[in-house]
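A.B. asks: predicted model follows, preceded by the sequence.
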Amino acid sequence: MTAHYLFVTICVALSLLACFANAQLSPNFYARSCPRLQLIVRDAMRQAVNGEARIGASILRLFFHDCFVNGCDASLLLDDTGTFTGEKNAFPNKNSARGFQVIDTIKTRVEAACNATVSCADILALAARDGVVLLGGPSWTVPLGRRDARTASQSAANAQLPSPFANLTTLTSQFAAKGLSARDMTALSGGHTIGLARCTTFRTRIYNETNIDPNFATTRRATCQASGGDDNLAPLDSQTSNRFDNSYYRDLVARRGLLHSDQELFNGASQDALVRTYSNKIAAFALDFAAAMVKMSKITPLTGTNGEIRGNCRVVNSP
Ligand code: HEM
Ligand SMILES: *[C@@H]1O[C@H](CO)[C@@H](O)[C@H](O)[C@H]1NC(C)=O
Ligand SMILES: *[C@@H]1O[C@H](CO)[C@@H](O)[C@H](O)[C@H]1NC(C)=O
Ligand SMILES: *[C@@H]1O[C@H](CO)[C@@H](O)[C@H](O)[C@H]1NC(C)=O
């Protein structure tokens, strides 16, 4: 069997979309054009996480929300203007997406080292990985060579980013629409082992649901009243929200998932066994999470001469 034939066979097995999307990304993309890139990103992320551990979580979420809307193309980073509607004010992002200033800081330093060379999309991909590592999570090699979008889509952000009120069927099909399996989805949801959520996203769960540890519900109600205080925060991982470990899955097994969507992964259906496995075997989770992050990072990137290398991550280059 020739190498080419083998490649095509593997591509068909993995689905053509995934294969072609990956074809032009490479971990060495900036090896010559910006050799210090990864050090610059890592140092800036270390400073940011030392200042506020939650930043690691916030940047991971930005990357997820970027990739799920027309691919990992930094569309999420574009600011709204009088004549441009971006994704920042889409429902899943408004009043909760954060960490944009950290990306600006990194971009400024990267531009100083290698002007007009590295995309905002690649900076976000590296920063998300580093945030996870700095909080004690697994590492992975980030494929690079993405370019930045000149457009964004608020309507796609509203339609395609999963809701905390969604059921397992809806969540599974939203991930499938991005080429991600149910297993990828359950591993990626482990991102909720770090970070915080607003009361408005979990109020119904702690007041009105039955598949919840009653002590946990009582504890959460203390800072999330039946009405008011919508922006009050609670940890997505009840034990160690600044540590990237597997305690999120132990919470799910104990019916202490914070979001309705979290608990859907352990509610007597298809993902229960995998959640149990991750709750017992941190190495299995770490391996699957890293692999799924690489897969997510390859969702329909702009490559070659498509898109652009933005000079400022918040605005498209002038024509
Ligand atoms: C499975 C579907 C998912 C749903 C429904 C969901 C929903 C949410 C919600 C509602 C919040 C809180 C936002 C707020 O306070 O308004 C949140 C936070 C967060 N999500 Fe997800 N999420 C999902 C998957 C993911 C994935 C795949 C990742 C990353 C791999 C991720 C990473 C995070 C992180 C790190 C935070 C905390 C951010 C911070 O503290 O700033 N989520 N998510
Ligand atoms: C950086 O690149 C941009 C776009 O090519 C250019 O306009 C700018 O002058 C360059 N800045 C420096 C300091 O070289
Ligand atoms: C899941 O939610 C969707 C959309 O709200 C709904 O149409 C569907 O019936 C629900 N499925 C189950 C199994 O509850
Ligand atoms: C709980 O359910 C009841 C009955 O459907 C509803 O009136 C109430 O607003 C709900 N409370 C919350 C916090 O979702």
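C.D. replies: All right, it came through fine. Numbers count the residues shown, from 1 in each chain. Ligands and ions are numbered 1, 2, ... in the order given.

A.B. asks: so Gly191 is in contact with Leu60, correct?
C.D. replies: Yes - Gly191 is within contact range of Leu60, at 5.5 Å (criterion: Cβ atoms under 8 Å). In short, each C-beta sits where N, CA and C put it, glycine included.

A.B. asks: could you pull out the helices for the stretch 51-200 of the chain?
C.D. replies: Secondary structure of the stretch 51-200 of the chain by DSSP state H, counting those that start in this stretch: the helices cover 54-67, 100-113, 120-134, 154-160, 168-176, 182-188, 199-208.

A.B. asks: out of the ones you listed, the one nearest Val275 is which?
C.D. replies: Counting by Cβ to Cβ, Val275 lies closest to helix 182-188 out of the helices of the stretch 51-200 of the chain; the figure is 6.5 Å.

A.B. asks: tell me the buried residues in that closest one?
C.D. replies: Ala182, Asp184, Met185, Thr186, Ala187, Leu188 (16 or more other Cβ atoms under 10 Å).

A.B. asks: quick one: it to chain centroid distance?
C.D. replies: 12 Å (Cα atoms, centre = their mean, to the nearest Å).

A.B. asks: who's in contact with Leu252?
C.D. replies: Contact analysis of Leu252 by Cβ atoms under 8 Å, 6 or more residues apart in numbering lists Asp262, Gln263, Leu265, Phe266, Val275, Ser279.

A.B. asks: in which helix or strand would I find the nearest residue to Arg250 once chain neighbours are set aside?
C.D. replies: In space, and not counting its chain neighbours, Arg250 is closest to Ser279: 4.7 Å by Cβ to Cβ, 6 or more residues apart in numbering. Using DSSP states H and E, Ser279 sits in helix 272-280.

A.B. asks: can you list the buried residues in that helix?
C.D. replies: For helix 272-280, using 16+ other Cβ under 10 Å, the buried residues are Leu274, Val275, Tyr278, Ser279.

A.B. asks: mind checking what helix or strand follows it in sequence?
C.D. replies: In N-to-C order, the element after helix 272-280 by DSSP H and E is helix 282-297.

A.B. asks: give me the contacts around that following helix.
C.D. replies: Against helix 282-297 from outside (Cβ under 8 Å, 6+ apart): 18, 63-64, 67, 72, 125, 128-129, 132, 137-143, 178-180, 183-184, 187-188, 190-191, 245-246, 249, 277-278.

A.B. asks: neighbours of the residue of the stretch 51-200 of the chain at minimum distance from ligand 3, how many?
C.D. replies: As assessed by Cβ to the nearest ligand atom, ligand 3 sits closest to Asn167 within the stretch 51-200 of the chain, at 3.7 Å. Around Asn167 there are 13 other residues, counting by other Cβ atoms under 10 Å.

A.B. asks: who's in contact with it?
C.D. replies: Glu264.

A.B. asks: backbone dihedrals for it, please?
C.D. replies: Main-chain torsions, Asn167, degrees, to the nearest 10: phi -90, psi 170.

A.B. asks: related to what we said a few turns ago, ok, the buried residues of helix 272-280 vs Thr210, which is closest?
C.D. replies: For these, the nearest to Thr210 is Val275 (18.6 Å; Cβ to Cβ).

A.B. asks: separation between the closest one and Leu252?
C.D. replies: 5 Å (Cβ to Cβ, to the nearest Å).

A.B. asks: same thing with Ala283?
C.D. replies: Where Leu252 is concerned, Ala283 sits at a distance of 18 Å (Cβ to Cβ).

A.B. asks: what does Asn246 give?
C.D. replies: Counting by Cβ to Cβ, the gap from Asn246 to Leu252 is 10 Å.

A.B. asks: cool, Gly190 as well?
C.D. replies: 10 Å.

A.B. asks: and the closest residue to ligand 3 within the stretch 201-319 of the chain, how many neighbours?
C.D. replies: In the stretch 201-319 of the chain, the residue that lies nearest ligand 3 is Ala269 (8.8 Å; Cβ to the nearest ligand atom). Residues contacting Ala269 under the criterion other Cβ under 10 Å number 12.
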